[in-house]
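Student: Here's my sequence, what's the structure:
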Amino acid sequence: MTNGEEPALTGQDADICSRIQRERRAGYIRCGVVEGRMSVTEVARAFGLADDGAIYRSIGSVEANKIATHVLCADLAYSLEIMSVSEAADLWRQFMSLFEGKDVVFVSNAGSECDSWMPATPATFDMGVLVIGTTKAGCLWVEDED
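Tutor: Reported below is the predicted structural model:
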């Protein structure tokens with residue numbers, strides 16, 4: 001992780017992240033869970049995202065659901081449908097089941113309507129959600145190019 005490598009996935013987190021990779025089938029996807037209590041900056045850094053805290057804003061669970069579903073179902077460059085909203089929502093629910101029973105906070109680089117963002121990667125388009133709990137943190141982030 002300190003050399004810019006993404007955390008190794010194991011078990012259930014590897015299963016859902018592999019499924020997300022297969023079903024989105026476009027762009028570059030950062031998906032995973034890391035153990036430990038971390039700040040937003042540390043979580044971003046763990047997944048190879050920009051570690052400038054000003055990029056990220058706190059969001060509620062409803063908005064996290066909206067952003068995660070959007071990045072899974074639509075190409076960020078051309079807004080082409082990659083999968084149905086219901087399929088995307090199901091994948092997000094499965095990802096969030098990794099945090100079941102845990103208190104978490106959500107942060108994102110995206111605007112509330114998913115029509116604006118602060119870049120967190122060198123990609124032309126990138127958007128996602130960081131899930132930060134007291135004992136582990138997760139990332140679902142998508143990068144697309146035009």
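Student: Okay, buried residues for the host helix or strand of residue 19 please.
Tutor: Taking DSSP states H and E as the criterion, residue 19 maps to helix 11-24. By neighbour count with 16 or more other Cβ atoms under 10 Å, helix 11-24 contains the buried residues 13, 16, 17, 20, 24. Glycine gets a C-beta too; all of them are placed from N, C-alpha and C.
Student: out of these, who's nearest residue 102?
Tutor: Taking Cβ to Cβ as the measure, residue 102 lies nearest residue 13 of those, at 13.5 Å.
Student: Contact partners for that closest one?
Tutor: Contacts for residue 13 (Cβ atoms under 8 Å, 6 or more residues apart in numbering) come out as 32, 33, 98, 138.
Student: Now with 10 Å, please.
Tutor: 7, 31, 32, 33, 34, 95, 98, 136, 138 (Cβ atoms under 10 Å, 6 or more residues apart in numbering).
Student: and those residues, which of them are in helices?
Tutor: Of the contacts of residue 13, the ones assigned to helices by DSSP state H are residue 95.
Student: which among the contacts of residue 13 end up buried?
Tutor: The neighbour count (16+ other Cβ under 10 Å) marks 7, 31, 32, 33, 34, 95, 98, 136, 138 as buried among the contacts of residue 13.
Student: what distance separates the helix or strand hosting residue 66 from the centre of its chain?
Tutor: Assigned by DSSP H and E, residue 66 belongs to helix 61-73. Its chain's average C-alpha position is 9 Å from that of helix 61-73, according to Cα atoms, centre = their mean, to the nearest Å.
Student: Name the residues of that helix that come out as buried.
Tutor: 63, 64, 65, 66, 67, 68, 69, 70, 71, 72, 73.
Student: Now those residues in JSON lines, please, with extra columns for pLDDT and distance to residue 144.
Tutor: Compiled in JSON lines, the buried residues of helix 61-73 are given as follows (pLDDT from 0 to 100; distance: Cβ to Cβ, whole Å):
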{"residue": "63", "pLDDT": "97", "distance to residue 144": "20"}
{"residue": "64", "pLDDT": "98", "distance to residue 144": "19"}
{"residue": "65", "pLDDT": "97", "distance to residue 144": "20"}
{"residue": "66", "pLDDT": "97", "distance to residue 144": "18"}
{"residue": "67", "pLDDT": "98", "distance to residue 144": "14"}
{"residue": "68", "pLDDT": "98", "distance to residue 144": "15"}
{"residue": "69", "pLDDT": "98", "distance to residue 144": "16"}
{"residue": "70", "pLDDT": "97", "distance to residue 144": "12"}
{"residue": "71", "pLDDT": "97", "distance to residue 144": "9"}
{"residue": "72", "pLDDT": "98", "distance to residue 144": "12"}
{"residue": "73", "pLDDT": "97", "distance to residue 144": "13"}
